[in-house]
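**Student:** quick check, what structure comes out for this input:
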Amino acid sequence: MFIINVSTYINTYAKKTKDSLDSLPPLAYTENPLRLAMDIIKQLGELALASRLRRLSDRLTQEVAAVYKSQDIDFEPRWFPAFYCLVQNETMSIMDMAKALGITHPAVNQIAGEMIKSGLVASNKCTNDKRKRLLMLTEQGRAMLPQLQTVWRDIELSARDLITASGNDILAVLERVEDQLDTQTFYDRFARRKRQRQLEEVEVIEFDPKAQPDMASYFKSLNVEWIQKYFEVEPGDETILSNPVKEIIEPGGHIFFARYNDEIVGTCALIPHGDSYELIKMAVTEKCQGKQIGKKLLTTSIATAKSKNARYVVLETNSKLSRAIALYRRLGFVLVPSDSPGSLTRVDMRMKLNLAEATV
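**Tutor:** Numbering: from 1, shown residues only. Sure thing, here's the model as predicted:
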């Protein structure tokens, strides 16, 4: 029954994720449910990296606990790093210990509480700062130290034997992994991959009024949605939104639509002005914002302007639209002054991108 349930779970989970789990190899039959569970973690590879490291840590911790028990030493493996800090330092605050070990303040607090309860460690308030708790070894803790040091030496040599037998310097690998996480967190790596995947899921289509006459309605509806949310539709908006072919396409401009999950969810347009293009009427429906749709539209527009040998892309916006402005800045747009009023009353900012410097 256990094997059937686990197999069903993995197969269902693989169908839901629709990515790397789709190619999971068949589970090897085993009569040992625990072994099957361990095989699942191994088969999941990088997806279960943290789980596999935790499993290894738990296994080593249990075996070291057995070592202490066999030597009649009442000592928990999880106490070792904190206890060792107090061997090296006569006193140490909870905060300093947390920093030295690279773990959280609550975690150190919990371990300290266990060691205090065992009689190995004492806690006193700092004379200079009553808010600080200082930890120190008790006489019982110091008396246990020689026996612990003997066992620690054997544990160290046993760990070295294990690493050597594996054929890999796992400590060096772990250090490199930690250095990489210091350089870029796992969350940031995930966010970068997610953004790239979202970009790939968005299809940008250039509007062809002869082949796609019905798509003109999306240009108006998508823009009216966001304009009415923040401002009011002005006569200048209505002129362009109701006549996009005449106002944009016929003068040599371009209109783009973003398709996501088979639905038109965004749009923008380029209008030529001498050696520049003006980016206008960029809109993404609210339910699909945050999925890189605006970025895909903007990068497509920039690439199009470059292909037409334009020197700049310019735009007008409003300071209230902070998310859009942040996107413009990330892609190289900078604020520029203007001595003339904007084409619409809501305009209070102008931005320009030098295409010679654009990396898109």
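**Student:** which residues are in contact with Lys132?
**Tutor:** Neighbour list for Lys132: Ser93, Ile94, Met95, Lys125, Cys126 [criterion: Cβ atoms under 8 Å, 6 or more residues apart in numbering]. In short, each C-beta sits where N, CA and C put it, glycine included.
**Student:** ok, and the closest non-adjacent residue to the fourth one?
**Tutor:** The reference is to Lys125. Using Cβ to Cβ, 6 or more residues apart in numbering and skipping the chain neighbours, the partner closest in space to Lys125 is Arg133 (6.4 Å).
**Student:** so how far is Thr127 from that neighbour?
**Tutor:** Here Arg133 is placed at a distance of 12 Å from Thr127 (Cβ to Cβ, to the nearest Å).
**Student:** which one's more surrounded, these two?
**Tutor:** Using other Cβ atoms under 10 Å, the more surrounded residue of Arg133 and Thr127 is Arg133, with 16 against 8.
**Student:** show me where the stretch 101-250 of the chain has strands.
**Tutor:** 121-125, 133-137, 203-206 (DSSP state E, counting those that start in this stretch).
**Student:** so what does the first one touch, helix or strand wise?
**Tutor:** Put plainly, it is strand 121-125. The elements that strand 121-125 packs onto, with contact taken as 3 or more Cβ pairs under 8 Å, 6 or more residues apart in numbering; DSSP states H and E, are helix 105-118, strand 133-137.
**Student:** please identify the most buried of the ones you listed.
**Tutor:** Mean neighbour count (mean count of other Cβ atoms under 10 Å) peaks for strand 133-137 among the helices and strands packed on strand 121-125, with a mean of 18.
**Student:** can you give the strand pairings for that strand, parallel or anti for each?
**Tutor:** Each strand that pairs with strand 133-137, with its direction, by DSSP bridges: strand 92-93 (antiparallel), strand 121-125 (antiparallel).
**Student:** deepest in the core, which of the ones you listed is it.
**Tutor:** With neighbours defined as mean count of other Cβ under 10 Å, the strands paired with strand 133-137 peak in mean count at strand 92-93, which reaches a mean of 18.
**Student:** ok now that strand, how far from the chain's centre?
**Tutor:** From the chain centre to the centre of strand 92-93 is a distance of 34 Å (Cα atoms, centre = their mean, to the nearest Å).
**Student:** give me the beta-bridge partners of the closest residue to Asn354 other than its chain neighbours?
**Tutor:** In this structure, Asn354 finds its nearest non-sequential neighbour in Tyr312, 6.1 Å apart by Cβ to Cβ, 6+ apart. When bridges are assigned using DSSP bridges, the partners listed for Tyr312 are Ser276, Asn354.
**Student:** gap between Tyr312 and His273?
**Tutor:** The separation that Tyr312 has from His273, given Cβ to Cβ, amounts to 9 Å.
**Student:** what's the answer for Glu206, then?
**Tutor:** Taken as Cβ to Cβ, the span from Glu206 to His273 is 19 Å.
**Student:** could you do Leu241 as well?
**Tutor:** Leu241 sits 19 Å away from His273, going by Cβ to Cβ.
**Student:** same deal with Arg52?
**Tutor:** According to Cβ to Cβ, Arg52 and His273 sit 58 Å apart.
**Student:** and the two? Which one has more around it.
**Tutor:** Taking Arg52 and His273 together and counting by other Cβ under 10 Å, Arg52 has the greater number of neighbours (16 against 13).
**Student:** show the average pLDDT along the lengthiest strand in the chain.
**Tutor:** Counting residues, the longest strand in the chain under DSSP state E turns out to be strand 263-273. Per-region confidence: strand 263-273 scores 97 on mean pLDDT.
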